[in-house]
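Q: quick check, what structure comes out for this input:
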Amino acid sequence: DPSFQDVELIIYTVDPPSDNYKEDLLKHVQSRFSIQIPSSLSLTFIHMNDYRHYLDHASSFSLVAESFGTMQLAWKCLQATTTVPDVWIDTTGCAFTYFVARVLAGSRVMAYVHYPTISTEMLQLVYERRPSYNHQATSLLKTYIK
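A: Predicted coordinates for the structure are as follows:
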């Protein structure tokens, strides 16, 4: 397909590499979304599993810590290639990576966000001061800061 001759798709993933990774992923995309990826599309996977710890859950200041971790991972991804992508497409919902891609790297940003970073349920939990695994709800001051 000549329409893809100038397109290079790079997928950054924290999944560990495997012998059949590309084939398995393409089959999953086909079965899950009914999308057939053309064989003429240049497709490269960059496995960032050595940096998976950037995504670890924090016990306090979790949203800030996890958001900073996604920004660090995005920066590492951009450093893993020799060229800056024209378009950064996010499918994870880690909106803080957009700053890294747009402002620091100069890429245009597109996103498919199925799960937002902050949900209305999370906001309601803080507003009502209901305790959770990462929200003790013991300090009125911390609630107002959040």
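Q: now do the buried residues in stretch 88-107.
A: Within stretch 88-107, the residues that count as buried by 16 or more other Cβ atoms under 10 Å are 88, 90, 92-98, 100-101, 105, 107. Just so you know, the C-beta spots here come from the backbone N, C-alpha and C atoms, and that holds for glycine as well.
Q: nope, stretch 50-70 is what I was after
A: 51, 54, 63, 66-67, 69-70.
Q: so which of these sits lowest on pLDDT?
A: Minimum pLDDT across the buried residues of stretch 50-70 is recorded for Tyr54, with 70.
Q: give the contact list for that residue.
A: Contacts for Tyr54 (Cβ atoms under 8 Å, 6 or more residues apart in numbering) come out as 69-70, 72-73, 76.
Q: gap between the most centrally placed residue in the chain and Arg129?
A: Centroid-nearest residue in the chain: Thr92, 3.8 Å away (criterion: Cα atoms, centre = their mean). The gap separating Thr92 from Arg129 is 29 Å, by Cβ to Cβ, to the nearest Å.
Q: in a helix, Val113, correct?
A: No - according to DSSP: H, G, I helix; E, B strand; the rest coil, the state of Val113 is coil, so it is not within a helix.
Q: change the start of the numbering to 22 and stick with it
A: Got it, first residue is 22 now, which makes that one Val134.
Q: how many residues are close by it?
A: If you count neighbours by other Cβ atoms under 10 Å, Val134 ends up with 12.
Q: I'd assumed Ile110 was in contact with it.
A: No - between Val134 and Ile110 there is no contact under Cβ atoms under 8 Å: 11.1 Å.
Q: which residue, other than its chain neighbours, is closest to Tyr42?
A: Phe66 (6.2 Å; Cβ to Cβ, 6 or more residues apart in numbering).
Q: lowest average confidence, helix or strand, in this protein?
A: Sorting the helices and strands of the chain by mean pLDDT, DSSP states H and E puts helix 161-166 at the bottom, at a mean of 63.
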